[in-house]
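[1] how would this look folded up:
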Amino acid sequence: MTTQGGSMNYVVSRAALAAFLAVAAAPALADAFSSLTVSNVTVTVIDLDPNDGIAASISFLPDPAIYMGGALIRGEAQNYGDSLSGPGAQNRTYANSGAWPSTNVANSVQTNLAMQASSVTGSSSGVGFSALSMSGSALSGMGQRSRFWASTNVPGSSSGLLDFTLSANTQVVFSVDASMSAGTTNAIPWQGISESASVTMTLFAGGMAPDAETPLEDIAQQTLIVPGGGSDSWNGVLSASFSNLGDASTSGVFGANATIEGVAVLAAVPEPSTYGMLLGGLGLIGMLGRRRHRAG
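    Numbers count the residues shown, from 1 in each chain. Down below sits the predicted model:
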């Protein structure tokens, strides 16, 4: 009986000690993620004056010599400890573009703790792309945090905008179906850095008013910004338009841009009071074991 009681005391205390050491040595892991999917890219031309004898039309400038970057994607995955160049730090980046007007561009990067991937599906319909997707995730590790970042521009030219010519008394509407989500798991900052995740999708359309002096522009944007310990999502249609109210054709510009980002950090180390409770629990378990030993 004495041997059994002593054995129980030893087993219970050892299990409690293992639990204590696990909490003391390993802060909880946390992660962040973001994603964006765009599809059903459409260009709708509307005749604002059916009686003017002018057929509503739009024409783009698909000149590969001018638009060497029909789409431009850039991405980064990174993890590091106290400094960007310290032990175990990793940084992976890419930048890829494709010729106008039809291009497929894709790339991805990965470190021990973070990953990011982007792709653009080209289209020769004039607007330059038919779909795009971006995703990233970041996971914290022992003594390290991680992040990902990416951006997509269509077109990817230096100006970042696509020229078009629109007939008189005509409106053009650019629209996309978009689905985005972002989330984080840890609400406690670590070393002054908070966990976060974000997604932004933007469409831009613009041109000159009939006086040839006043710029007209329409910007459609949807953004998700998620701080530590939360998640959010959005699904819907984004549209940007430009109307030529003059009696002659005029030029305009269109552009699409998207960004995602996420940062994962270590959860906070347990407070001193937590260690005190754990030690108190060990003492209580030991006392119960000794009582059982004496009773035996």
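[2] Surely T259 is in contact with T200?
    Yes: with contact defined as CB atoms under 8 Å, T259 and T200 form a contacting pair (5.0 Å). (C-beta placed from N, C-alpha, C; glycine too.)
[3] Work out for me the element the nearest residue to Q221 once chain neighbours are set aside sits within.
    With CB to CB, 6 or more residues apart in numbering as the criterion, Q221 has its nearest non-adjacent residue at 4.5 Å, and that residue is T202. When secondary structure is defined using DSSP states H and E, the element that contains T202 is strand 196-208.
[4] Report the buried residues of that strand.
    Neighbour counts over strand 196-208 (16 or more other CB atoms under 10 Å) mark 196-208 as buried.
[5] mind checking how far that strand is from the chain centre?
    Here strand 196-208 is found 14 Å from its chain centre; the criterion is CA atoms, centre = their mean, to the nearest Å.
[6] Strand partners (parallel or antiparallel) of that strand?
    strand 215-227 (antiparallel), strand 250-264 (antiparallel) (DSSP bridges).
[7] And those: which comes nearest F33?
    When the strands paired with strand 196-208 are compared for distance to F33 using CB to CB, the nearest one is strand 250-264, at 6.1 Å.
[8] hmm, back to that, now the strands paired with strand 196-208 in a markdown table, with mean pLDDT, distance to G183 and mean neighbour count?
    A markdown table is the format used below for those (pLDDT from 0 to 100; distance: least, CB to CB, whole Å; neighbours: other CB atoms under 10 Å):
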| stretch | mean pLDDT | distance to G183 | mean neighbour count |
| --- | --- | --- | --- |
| strand 215-227 | 95 | 6 | 15 |
| strand 250-264 | 93 | 9 | 23 |
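[9] Please produce CSV containing the ones you listed, extended by distance to G81.
    Output for those, formatted as CSV (distance: least, CB to CB, whole Å):
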stretch, distance to G81
strand 215-227, 23
strand 250-264, 13
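[10] ok, P50 - how many residues close by?
    P50 is flanked by 10 other residues according to other CB atoms under 10 Å.
[11] and the gap between it and T44?
    With distances defined as CB to CB, to the nearest Å, the gap from P50 to T44 amounts to 16 Å.
[12] hang on, the earlier thing: hmm, F254 and the residue nearest to Q221 touching each other?
    No: checked against CB under 8 Å, the pair T202 and F254 is beyond contact range at 11.6 Å.
[13] where along the stretch 151-296 of the chain do the helices fall?
    According to DSSP state H, counting those that start in this stretch, the stretch 151-296 of the chain carries its helices in the segments 272-295.
[14] Quick check: mean pLDDT of stretch 121-139?
    Taken as a whole, stretch 121-139 has a mean pLDDT of 88.
[15] what does stretch 34-53 give?
    Mean pLDDT, taken over the full extent of stretch 34-53, equals 95.
[16] What of stretch 182-189?
    Stretch 182-189 shows an average pLDDT of 85 in the prediction.
[17] what is the orientation angle of the longest strand seen in the chain with strand 196-208?
    If each strand of the chain is counted by residues according to DSSP state E, the longest one is strand 31-47. What separates the directions of strand 31-47 and strand 196-208 is an angle of 20 degrees, with axes from the mean of the first three to the mean of the last three CA atoms, to 10 degrees.
[18] List the buried residues for strand 31-47?
    Of all the residues in strand 31-47, those buried under the rule 16+ other CB under 10 Å are 31-38, 41, 43, 47.
[19] farthest-separated two in these?
    Using CB to CB, the pair of these lying farthest apart is D31 and D47, separated by 51.0 Å.
[20] ok, back up a step: what does the very next helix or strand once past the longest strand of the chain contact?
    On the C-terminal side of strand 31-47, the nearest following helix or strand under DSSP H and E is strand 58-60. Counting contacts by CB atoms under 8 Å, 6 or more residues apart in numbering, the residues outside strand 58-60 that touch it are 43, 45, 101, 126-128, 162-167, 170, 172.
[21] and these, which are buried?
    So, of these, 43, 101, 127-128, 162-164, 166-167, 170, 172 end up buried under the neighbour-count rule (16+ other CB under 10 Å).
[22] N186 contacts G228, doesn't it?
    Yes: A contact is recorded between N186 and G228 when judged using CB under 8 Å, the distance being 5.3 Å.
[23] Distance of the residue nearest to T214 when sequence neighbours are not counted relative to L245?
    Spatially, and ignoring its direct neighbours in sequence, T214 is nearest to M208 (6.9 Å; CB to CB, 6+ apart). Distance check for M208 against L245: by CB to CB, it reads 11 Å.
[24] ok, S239 - contacts?
    In this structure, S239 makes contact with 173-176, 203, 220, judged by CB under 8 Å, 6+ apart.
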